[in-house]
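J.: What shape does this take:
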Amino acid sequence: MNATADKIEAVKRWLLAKKPALGDIDLDLDLIESRVIDSLGFLDFVFFLEQLTGRELQTDAESVKAFRTLRSLRDTVLAEPAGAGT
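T.: Coordinates of the predicted model:
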């Protein structure tokens with residue numbers, strides 16, 4: 001498994017610890033619309049992601065769409081920065 005896949009699994013575990021009734025989370029499930037993440041939990045979620053990635057994340061209105069699904073998180077927030085590991 002690569003680093004991004006490991007991070008997605010960590011995010012899934014974190015979310016499922018908060019909402020165990022889900023059992024699993026599809027990559028395309030809208031985490032906000034489905035109330036997996038609510039407005040109060042969003043800041044907690046961003047803080048967790050910052051710890052996981054080791055960097056501060058943008059949370060302005062435009063960037064929030066990156067947090068909506070596991071797929072968008074994988075492709076943006078959790079993706080290895082260009083040139084990482086080289």
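
J.: Within the helices and strands, which one has residue 52?
T.: Using DSSP states H and E, residue 52 sits within helix 39-53.

J.: Quick one: residues in contact with that helix.
T.: 7, 10-11, 14-15, 18, 32, 37, 56-57, 59, 67, 73, 77-78 (CB atoms under 8 Å, 6 or more residues apart in numbering). For every residue, glycine as well, the C-beta is placed using N, CA and C.

J.: please redo it, this time with the cut-off set to 7 Å
T.: 7, 10, 14, 18, 37, 56, 57, 59, 77, 78 (CB atoms under 7 Å, 6 or more residues apart in numbering).

J.: Just the ones of these in helices?
T.: Those of the contacts of helix 39-53 mapping onto helices are 7, 10, 14, 18, per DSSP state H.

J.: Output the residues you listed in a markdown table; the columns should cover pLDDT, distance to residue 24 and neighbour count.
T.: Formatted as a markdown table, the ones in helices among the contacts of helix 39-53 follow (pLDDT from 0 to 100; distance: CB to CB, whole Å; neighbours: other CB atoms under 10 Å):
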| residue | pLDDT | distance to residue 24 | neighbour count |
| --- | --- | --- | --- |
| 7 | 94 | 17 | 20 |
| 10 | 96 | 15 | 15 |
| 14 | 97 | 14 | 14 |
| 18 | 92 | 14 | 13 |
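
J.: just how off-centre is the helix holding residue 52 within its chain?
T.: 8 Å (CA atoms, centre = their mean, to the nearest Å).

J.: C-alpha coordinates for that helix, CSV please?
T.: Coordinates of each C-alpha in helix 39-53 appear next as CSV, following Å, rounded to 0.1, in the frame of the first residue of the first chain:
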residue,chain,number,x,y,z
SER,A,39,-20.3,21.7,11.0
LEU,A,40,-19.1,21.2,14.6
GLY,A,41,-17.0,18.2,13.6
PHE,A,42,-15.5,19.8,10.5
LEU,A,43,-12.8,21.7,12.5
ASP,A,44,-11.9,18.5,14.3
PHE,A,45,-11.7,16.8,10.9
VAL,A,46,-9.4,19.5,9.5
PHE,A,47,-7.2,19.3,12.6
PHE,A,48,-6.9,15.5,12.2
LEU,A,49,-6.0,15.9,8.5
GLU,A,50,-3.4,18.5,9.3
GLN,A,51,-1.8,16.1,11.8
LEU,A,52,-1.9,13.3,9.2
THR,A,53,-0.4,15.4,6.4
